[in-house]
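Undergrad: Give me the fold of what follows.
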Amino acid sequence: MQLNMNHVKKRRSRGVSNTKRTTLFSTGGDLKISVKKFIYEGFSDYHKIEIIDTKKFGRCLFVDDVIQLSEYDHLIYDQELLKKLTQKDQIILIIGGGDGFVARTAINSYDSIKKIVVVDIDKQIVRLSDKYFHVIDKEFKHKVEYVIDDIFSFLSYCNVSCFDYIICDLTDDPVKEDKNTLEEFYLNLLTKLKKGAKKKTWISIQAGTPTVYKGVDSFKIIKKLANTHLREVSFATKKIPSFGEDASFVFGRY
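TA: Residues are numbered from 1 along each chain as shown. So this is what the prediction gives:
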């Protein structure tokens, strides 16, 4: 979920979550979320992180004041990212996704999976998710390897051809504001993956929302790049209740 950035999803934020408030706002902005209890509040080297028990959506992860997932409806999101996964896919790469929910859903859905490598730059997201959500069952922990690294650093030494399926579970704007634009980031990422990926490998990308905020249309940018660099490209949107809006997804293969 988190990767290489200092201003994650701020353009989708509609409210600030803190212990003085009893109501939060979804990323869509119109949905109010009633708070039961603040479980954790703190800062990593990259993000403000909060874990909050809510009345409607159960336990939720907020990063930089924006909801990232809830116990209530994470499966809707997870299953969409995994819709091209098959029993033939045994080794999976997840870029971002340090909370572990997509990895767990994949393992629970396909017993053929032998290994999932999750690359996330923020070790606190990984540690706190494991502590407060208990995401990966003990019997499956040997199947999930967390690599705390920047994705481009990881790709410089990893053999991408070993992966049967690739997932980009990143935030809407996974760039450092002083270096990259969103388009440059995904162009660089798709290009580097293409150089190493096996032919016909599927890639699923979380691509923001169909709604444009502050002039940045993540969905449009990623669709355009996918049409240029991938084959058999398709798109989807899914309503995520805890987000208060649709999430967009892009699929293609090398």
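Undergrad: Low-confidence ranges, this protein, go.
TA: 1-30, 173, 176-180, 212-215 (pLDDT under 70).
Undergrad: can you pull out the helices in it?
TA: When assigned using DSSP state H, the helices of the chain occupy the ranges 74-81, 101-109, 123-133, 151-157, 182-196, 218-229.
Undergrad: As JSON lines, these with mean neighbour count and distance to Leu31 would be great.
TA: All C-beta spots, glycine's among them, are computed from the backbone N, C-alpha and C. As requested, the helices of the chain are exported to JSON lines (neighbours: other C-beta atoms under 10 Å; distance: least, C-beta to C-beta, whole Å):
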{"stretch": "helix 74-81", "mean neighbour count": "20", "distance to Leu31": "15"}
{"stretch": "helix 101-109", "mean neighbour count": "21", "distance to Leu31": "20"}
{"stretch": "helix 123-133", "mean neighbour count": "19", "distance to Leu31": "22"}
{"stretch": "helix 151-157", "mean neighbour count": "15", "distance to Leu31": "31"}
{"stretch": "helix 182-196", "mean neighbour count": "17", "distance to Leu31": "25"}
{"stretch": "helix 218-229", "mean neighbour count": "19", "distance to Leu31": "20"}
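Undergrad: To Phe140, which of those helices lies closest?
TA: Smallest distance to Phe140 across the helices of the chain (C-beta to C-beta): 5.0 Å, for helix 101-109.
Undergrad: tell me what that closest one is packed against?
TA: Contact partners of helix 101-109 among helices and strands, from 3 or more C-beta pairs under 8 Å, 6 or more residues apart in numbering; DSSP states H and E: helix 74-81, strand 91-96, strand 115-120.
Undergrad: So which of the ones you listed is nearest Lys238?
TA: The nearest among the helices and strands packed on helix 101-109, by C-beta to C-beta, is helix 74-81 at 5.0 Å.
Undergrad: Contacts for that closest one next, please.
TA: Residues from elsewhere that reach helix 74-81 (C-beta atoms under 8 Å, 6 or more residues apart in numbering): 69, 101-102, 105-106, 109, 167, 169, 204, 206, 236, 238-241, 247, 249.
Undergrad: Of those, just the buried ones, PyMOL syntax please.
TA: A single PyMOL command selects the buried members of the contacts of helix 74-81 (16 or more other C-beta atoms under 10 Å):
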select buried, resi 69+101+102+105+106+167+169+204+206+238+240+247+249
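Undergrad: now Lys48: how far from Tyr254?
TA: 36 Å (C-beta to C-beta, to the nearest Å).
Undergrad: out of those two, which sits in the more crowded spot?
TA: In this view Lys48 and Tyr254 are compared by other C-beta atoms under 10 Å, and Tyr254 has more residues nearby, 20 against 17.
Undergrad: Now do the contacts for the closest residue to the more buried one other than its chain neighbours.
TA: Closest residue to Tyr254 apart from its sequence neighbours, by C-beta to C-beta, 6 or more residues apart in numbering: Ala197 at 4.5 Å. By C-beta under 8 Å, 6+ apart, Ala197 lies in contact with 160-161, 163, 166, 203, 254.
Undergrad: With Lys143 instead?
TA: 107, 113-116.
Undergrad: Of those residues, just say which sits nearest to Gly42.
TA: In terms of C-beta to C-beta, no member of the contacts of Lys143 lies closer to Gly42 than Ile116, at 26.6 Å.
Undergrad: I'd like to know how many residues surround that closest one.
TA: That count, for Ile116 with other C-beta under 10 Å as the rule, works out to 26.
Undergrad: again, but for Ser242
TA: 24.
Undergrad: For it, what are phi and psi?
TA: Dihedral angles phi and psi of Ser242 (degrees, to the nearest 10) take the values phi -70, psi -20.
Undergrad: In this structure it contacts Lys55, no?
TA: No. Between Ser242 and Lys55 there is no contact under C-beta atoms under 8 Å: 11.8 Å.
Undergrad: any residues in contact with both of those two?
TA: Ile33.
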